[in-house]
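Student: structure for this input, please:
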Amino acid sequence: MPDRSTEHLVKMVNQIAANVPAGSDAERAELTVAHVRRFWSTALRHRLLTVADASSFGFSPAAREALDRLRRDTRSEEHTRIAAQS
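Tutor: Below is the predicted model:
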């Protein structure tokens, strides 16, 4: 069973996904990613992805899609940063 901070993190991202003004699931996921990137710290975003990687516990479908997009974006940014250092 996840701890309370994990449950709270899941609840927050689900609430964001449920309340963004979007018509389709794809729009909802995109707006959720934009919100998380804009308002959440890097450390909190990484914690969110760690929780998502460990389990799909309680994430809504829209939140799960947003997390998949956030993960892809984060990997792309890391690859770009590493390439720039070479």
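Student: surely residue 66 meets residue 36?
Tutor: Yes - if you go by CB atoms under 8 Å, residue 66 and residue 36 touch, sitting 7.2 Å apart. For glycine as for every other residue, the C-beta is placed from the backbone atoms N, C-alpha and C.
Student: now for the residue minimising distance to the centre of the chain: which residues touch it?
Tutor: Residue closest to the mean C-alpha point of the chain, counted by CA atoms, centre = their mean, is residue 67 at 3.6 Å. Residue 67 is in contact with 13, 48, 49, 52, 59, counting by CB atoms under 8 Å, 6 or more residues apart in numbering.
Student: these: which two are farthest apart?
Tutor: Maximum pairwise distance in the contacts of residue 67, criterion CB to CB, is 11.6 Å, between 49 and 59.
Student: neighbour count winner among the two?
Tutor: Taking other CB atoms under 10 Å, residue 49 and residue 59 do not tie; residue 59 has more neighbours (19 against 16).
Student: let's verify that one: helix, strand, or coil?
Tutor: On the three-state scheme (DSSP: H, G, I helix; E, B strand; the rest coil), residue 59 is labelled coil.
Student: quick one: contacts for it?
Tutor: Counting by CB under 8 Å, 6+ apart, residue 59 has contacts 10, 13, 14, 52, 67.
Student: now the residues you listed as TSV including distance to residue 42, pLDDT and secondary structure?
Tutor: Converted to TSV, these look like this (distance: CB to CB, whole Å; pLDDT from 0 to 100; DSSP: H, G, I helix; E, B strand; the rest coil):
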residue	distance to residue 42	pLDDT	secondary structure
10	19	91	helix
13	16	94	helix
14	21	95	helix
52	16	87	helix
67	15	93	helix
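Student: going through these, which ones are buried?
Tutor: 10, 13, 14, 52, 67 (16 or more other CB atoms under 10 Å).
Student: how near is the second one to residue 61?
Tutor: Counting by CB to CB, to the nearest Å, the separation of residue 13 from residue 61 is 12 Å.
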